[in-house]
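# Dropping the sequence and predicted coords here.
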Amino acid sequence: MDFPMSKFAIGEQVENVADDHEAGPVVAVFPTVDGSFRYAVDTSGYGALQFFTEEKLALSLASRGSA
C-alpha cells in the first residue's frame, strides 16, 4: 500500500500564500482522513501555532535564498 508524502517537512520555513504571507517553520505535520495534510506553523516565533492546509503554503522566499 502506498502512503502519500507530505509536501513540507518539519523544520522547513513556509509562507502562507493564501492570506497575509505569515511565515515560519513547520513544527508538526498531521495527516487527515481524506489523505491530505495539515501543518502546524510557528508564525510568531513564540510558540503560538497556526494550522494550515497544504494548498495555502509554499516554501518561504527567505529559505529559498539561503543554502
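Perfect, thanks for sending it.

# okay, CA-based contacts and neighbour counts for the rest of this
Noted.

# any idea how far stretch 47-65 is from the chain center?
How far stretch 47-65 lies from its chain's middle: 4 Å, per Cα atoms, centre = their mean, to the nearest Å.

# Please identify the buried residues of that stretch?
Under the neighbour-count criterion of 16 or more other Cα atoms under 10 Å, stretch 47-65 has 49, 52, 54, 57-60 buried.

# Stretch 32-42 now?
Of all the residues in stretch 32-42, those buried under the rule 16+ other Cα under 10 Å are 37-42.

# circling back: export the buried residues of stretch 47-65 as JSON lines, with columns for distance to D20, pLDDT and secondary structure.
Shown next, in JSON lines, are the buried residues of stretch 47-65 (distance: Cα to Cα, whole Å; pLDDT from 0 to 100; DSSP: H, G, I helix; E, B strand; the rest coil):
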{"residue": "L49", "distance to D20": "15", "pLDDT": "92", "secondary structure": "strand"}
{"residue": "F52", "distance to D20": "13", "pLDDT": "96", "secondary structure": "strand"}
{"residue": "E54", "distance to D20": "16", "pLDDT": "93", "secondary structure": "helix"}
{"residue": "L57", "distance to D20": "11", "pLDDT": "96", "secondary structure": "strand"}
{"residue": "A58", "distance to D20": "13", "pLDDT": "95", "secondary structure": "strand"}
{"residue": "L59", "distance to D20": "15", "pLDDT": "94", "secondary structure": "strand"}
{"residue": "S60", "distance to D20": "13", "pLDDT": "87", "secondary structure": "coil"}
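
# quick one: low-confidence ranges for this structure?
Within the chain, the stretches with pLDDT under 70 are 1-3, 62-67.
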